[in-house]
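Engineer: let me see the structure of the following:
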Amino acid sequence: MQVLTSVVVLGVIFTVFIVTDIRSYKQRRERITVSLAQVLGSNTISAIQFHDNDAAHAILANLKNTSPEILNAAITDSAGHVFAAWGRQTLDTFHIPKQLANKNTLYRDGHLYVRQAIVDNGKLMGYIFLESDMSEVQQIKRDKIEVSLILLFVAIGVAYIIAYVIQNYTSGRLLTLFNAMKEVGKTGDYNKPLQDKGKDEIGQLIGVFNNLMEQVKLNQQRKDEFIGIASHELKTPLTTIKGYAELLKQIEDREPHRTYAERTLMGVEKLERLIQDLLDVSRIQSGQLELTMKDFNIDKLIDETIASVQMVTESHSITREDSLNDEIIAGDQQRIEQVITNLLSNAIKYSPGERKVIVNSKKTDKELIIKIRDYGMGIPREEQSNIFERFYRTRDTSFTITGFGLGLYICKDIIRRHNGKIWVESEKKGSAFYFSLPLKQSGNGVS
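Structural biologist: Alright, predicted model coming up:
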């Protein structure tokens with residue numbers, strides 16, 4: 001934009017300069033030619049009075065040496081008859097334009113025509129006409145345009161260099177700030193303040209951004225501390241309530257008392273899972289989520305987890321379409337089970353009205369990939385990159401389906417700590433969640 005602005009401004013300036021310079025040159029030549037006509041007219045008064053054509057012609061012929069730009073000249077008497085004429089080449093090419101009858105100067109076809117009255121003591125004696133070559137105007141125009149273009153290209157180069165320097169100093173800093181804001185919005189990492197020594201408006205803006213990030217980080221820490229403390233404090237009385245609810249369920253056989261005890265126990269278990277998720281989030285944020293790594297049968301774990309989830313759901317049928325042939329991997333079995341359970345529960349919860357959930361697994365040269373597919377409402381493409389963020393829930397489901405947006409965030413961290421990946425593919429009908437786990441390394445290569 002700076003270069004373009006410079007080009008436009010300089011283009012206008014150079015155009016005005018060329019037009020003004022050429023106009024000044026024409027006006028100067030016009031004044032010189034008019035003055036010459038006045039001098040010639042004064043010198044030919046006697047010749048006109050005495051009808052001395054030869055003397056008048058001789059005066060005009062002197063123009064050959066004194067005024068090389070004059071091509072043709074003529075003197076007429078007061079009646080308009082040609083009294084004397086002279087031409088640098090031939091008089092046949094000189095024709096007095098009719099427009100000079102109403103004006104004293106005329107530009108046409110690269111020539112300047114001048115008409116000057118010859119007056120003696122207030123009496124009109126005749127007129128003198130001069131034709132001057134103005135082809136030099138075109139040469140001047142070409143020279144001016146050539147010089148202007150050279151200066152314009154030089155100015156463009158200088159403007160580009162200045163713009164490049166300014167961009168590195170200002171636009172580059174703004175771009176850095178923009179990328180930092182984008183990165184913070186994507187990762188939620190508020191621990192990367194920007195370094196900038198500038199004291200201008202951009203430096204002040206970066207300073208405000210750093211202060212804002214510091215405040216957000218402190219508020220985030222306070223919130224995480226509150227969640228951790230509250231979760232721990234709730235866990236003990238919740239355990240007591242759960243114990244009494246289980247006891248009531250065992251000893252109570254009357255209806256509807258037994259049903260009340262069962263529903264109470266279900267609510268307590270749901271609250272217990274929420275508190276556990278909050279504790280996991282608190283551990284993740286503080287870096288205290290530990291993994292117990294050991295070898296286990298992932299094939300068996302998938303089947304057992306499917307069976308456990310299927311026992312508590314009657315609305316969907318969970319089907320596994322393949323087998324991993326008792327594949328052994330190294331990892332935290334309890335946490336991987338937590339990931340599979342969460343993905344299966346989400347597939348059931350977010351596909352109301354449907355009947356099936358499909359589980360697929362496959363083995364590549366370096367990893368295992370588990371896929372959990374539902375046929376529910378799907379996830380909009382523009383929201384797919386955000387659903388693994390903490391507390392994030394899609395707009396279409398946040399008011400119709402309960403949840404806190406913690407499960408996928410925990411799953412992402414668990415899989416990341418196993419050096420795996422987790423992602424989603426979704427269309428208008430249903431979603432497919434994938435996660436990968438690295439295969440166990442052996443002394444002979446990949447098992």
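
Engineer: quick one: the helices in this structure?
Structural biologist: 2-43, 45-49, 53-61, 63-66, 136-166, 172-187, 201-251, 257-286, 298-311, 333-349, 407-417 (DSSP state H).

Engineer: residue 100: which of the ones you listed is closest?
Structural biologist: Of all the helices of the chain, helix 2-43 sits nearest to residue 100, with 11.7 Å by C-beta to C-beta. All C-beta spots, glycine's among them, are computed from the backbone N, C-alpha and C.

Engineer: for that closest one, what is the average pLDDT?
Structural biologist: In this model, helix 2-43 carries a mean pLDDT of 87.

Engineer: now do it and helix 53-61, the angle between them.
Structural biologist: With axes from the mean of the first three to the mean of the last three C-alpha atoms, to 10 degrees as the basis, helix 2-43 and helix 53-61 are set at 160 degrees to each other.

Engineer: who does helix 2-43 touch, helix- and strand-wise?
Structural biologist: helix 53-61, strand 70-77, strand 105-108, strand 111-120, strand 123-133, helix 136-166 (3 or more C-beta pairs under 8 Å, 6 or more residues apart in numbering; DSSP states H and E).

Engineer: change it to 6 Å
Structural biologist: Helix 2-43 sits against strand 111-120, strand 123-133, helix 136-166, with contacts defined as 3 or more C-beta pairs under 6 Å, 6 or more residues apart in numbering; DSSP states H and E.

Engineer: distance from the chain centre to that helix, please.
Structural biologist: Centre-to-centre, helix 2-43 and its host chain are 46 Å apart (C-alpha atoms, centre = their mean, to the nearest Å).

Engineer: for stretch 81-100, same thing?
Structural biologist: Its chain's C-alpha centre and that of stretch 81-100 lie 69 Å apart, by C-alpha atoms, centre = their mean.

Engineer: for it, buried residues please.
Structural biologist: Buried positions in stretch 81-100, judged by neighbour count with 16 or more other C-beta atoms under 10 Å: 83-88, 94, 96.

Engineer: and these, which is closest to residue 413?
Structural biologist: Looking across these and measuring by C-beta to C-beta, the closest to residue 413 is residue 88, at 97.6 Å.

Engineer: and that closest one, how close does it get to residue 250?
Structural biologist: 131 Å (C-beta to C-beta, to the nearest Å).

Engineer: give the burial count for the closest residue to residue 173 other than its chain neighbours, as a bare number.
Structural biologist: Distances taken as C-beta to C-beta, 6 or more residues apart in numbering place residue 202 nearest to residue 173, at 5.1 Å, with adjacent residues excluded. Look at residue 202: counted by other C-beta atoms under 10 Å, it has 18 neighbours.

Engineer: tell me the pLDDT at residue 202?
Structural biologist: Per-residue confidence (pLDDT) for residue 202: 79.

Engineer: for residue 165, see how far away it is.
Structural biologist: 15 Å.

Engineer: same question, residue 279
Structural biologist: Between residue 279 and residue 165 the distance is 53 Å, computed by C-beta to C-beta.

Engineer: so where is the protein shaky, pLDDT-wise?
Structural biologist: For the chain, applying pLDDT under 70 flags the ranges 2, 90-94, 186-188, 286, 396-400, 403, 441-447.

Engineer: need phi/psi at the residue lying farthest from the centre of the chain.
Structural biologist: The C-alpha centroid of the chain is most remote from residue 50, which lies 86.8 Å away (C-alpha atoms, centre = their mean). Per-residue torsions, residue 50: phi -100, psi 10 (degrees, to the nearest 10).

Engineer: how much space between it and residue 266?
Structural biologist: Counting by C-beta to C-beta, the gap from residue 50 to residue 266 is 137 Å.

Engineer: hmm, back to that, of the buried residues of stretch 81-100, closest to residue 35?
Structural biologist: Residue 35 has its nearest neighbour among those in residue 86, at 18.5 Å by C-beta to C-beta.

Engineer: which ones are touching the closest one?
Structural biologist: Applying C-beta atoms under 6 Å, 6 or more residues apart in numbering to residue 86 gives the contacts 60-61, 73.

Engineer: most surrounded residue in these?
Structural biologist: For the contacts of residue 86, the largest neighbour count, defined by other C-beta under 10 Å, is 28 neighbours, found at residue 73.

Engineer: so that one touches residue 130, yeah?
Structural biologist: Yes. Shown here, residue 73 and residue 130 form a contact pair, counting by C-beta atoms under 6 Å, at 5.2 Å.

Engineer: spatially nearest residue to residue 112 (excluding sequence neighbours)?
Structural biologist: Going by C-beta to C-beta, 6+ apart, residue 112 has residue 132 as its nearest residue, at 4.3 Å.

Engineer: got the contact list for that neighbour?
Structural biologist: 33, 69-70, 112.

Engineer: for those residues, which one is nearest residue 371?
Structural biologist: Nearest member of the contacts of residue 132 to residue 371, counting by C-beta to C-beta, is residue 112, at 89.3 Å.

Engineer: so what sits opposite the closest one in the bridge?
Structural biologist: Judged by DSSP bridges, the bridge partners of residue 112 are residue 107, residue 132.

Engineer: that one and residue 134 touch, don't they?
Structural biologist: Yes. The pair residue 112 and residue 134 qualifies as a contact (C-beta under 6 Å) at a distance of 5.0 Å.

Engineer: any common contacting residues for the two?
Structural biologist: Common neighbours of residue 112 and residue 134 (C-beta under 6 Å, 6+ apart) do not exist.

Engineer: quick one, strands of the stretch 301-447 of the chain?
Structural biologist: Taking DSSP state E, counting those that start in this stretch as the criterion, the stretch 301-447 of the chain contains strands spanning 317-320, 328-331, 356-363, 367-373, 421-426, 431-438, 441-442, 445-446.

Engineer: distance to residue 155 and mean neighbour count added to those, as JSON lines?
Structural biologist: Putting these into JSON lines (distance: least, C-beta to C-beta, whole Å; neighbours: other C-beta atoms under 10 Å) gives the following:
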{"stretch": "strand 317-320", "distance to residue 155": "72", "mean neighbour count": "14"}
{"stretch": "strand 328-331", "distance to residue 155": "66", "mean neighbour count": "19"}
{"stretch": "strand 356-363", "distance to residue 155": "64", "mean neighbour count": "17"}
{"stretch": "strand 367-373", "distance to residue 155": "59", "mean neighbour count": "19"}
{"stretch": "strand 421-426", "distance to residue 155": "52", "mean neighbour count": "17"}
{"stretch": "strand 431-438", "distance to residue 155": "57", "mean neighbour count": "20"}
{"stretch": "strand 441-442", "distance to residue 155": "64", "mean neighbour count": "10"}
{"stretch": "strand 445-446", "distance to residue 155": "64", "mean neighbour count": "10"}
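
Engineer: good, wrapping up.
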